[in-house]
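# I'd like to go over a predicted model; first the sequence, then the structure.
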Amino acid sequence: MKIGIVADTHSRPLPPQMLKDFQKVDLIIHAGDFCSIKDFQTFTKIKKLEAVYGNMDESEVKRALPRRKVLHLESVKIGLFHGEGAPQMILETVEKEFKNEKVHVVIFGHSHQPFNEIRNDILFFNPGSPNDMIFAPYCSYGLLEIVQGQVTGKIIKVK
């Protein structure tokens, strides 16, 4: 299974490179901060979408989506949460959010900083932002692949 991972799109134009890559995935996961319901709906037209709301999303998006969720994809349990608080504390925040659930992967956003690292046998994955470099060295999104219960993540730099 191939999954497109994105966060923090903030109602800005989406990079054609990402849209092209997302045509080839089985599912898109958005970790919040669409900002508008129109932008949320744009993603639903590309592929099947799983998403949570972020701190910058308007109330209509917050009514349509949960704050956090746990997905079961194949034999993999994925925690999905935008994140909150100081960007430099994001990893601790999302780690705490799922500490009592046996997830294999935690997908998050909020900091705009790409992150793809295994800690305590859990893959923590932040795709960065595909169109906003605040707090980030470059614009990016991600791809996750699940093969026989094994998950690998890849950060894709927007060119």
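Yes, it's here. Residues are numbered from 1 along each chain as shown.

# What sits closest to Phe125 if chain neighbours are left out?
Gly153 (4.7 Å; Cβ to Cβ, 6 or more residues apart in numbering). Any C-beta I mention is one placed from the backbone N, CA and C, and that applies to glycine too.

# so that neighbour touches Gly142, yeah?
Yes - Gly153 is within contact range of Gly142, at 6.0 Å (criterion: Cβ atoms under 8 Å).

# Now for those two: what residues contact both?
5, 116, 125 (Cβ atoms under 8 Å, 6 or more residues apart in numbering).

# Most neighbours out of those residues, which is it?
Ile5 (30 neighbours; other Cβ atoms under 10 Å).

# Helix, strand, or coil at that residue?
strand (DSSP: H, G, I helix; E, B strand; the rest coil).

# if I look at the residue most central in space within the chain, how far off is Thr93?
For the chain, the residue nearest the mean C-alpha position is Ala31 (3.5 Å; Cα atoms, centre = their mean). Using Cβ to Cβ, to the nearest Å, Ala31 is found at 13 Å from Thr93.

# shared neighbours of those two, anything?
Joint contacts of Ala31 and Thr93 (Cβ under 8 Å, 6+ apart) are Gly83.
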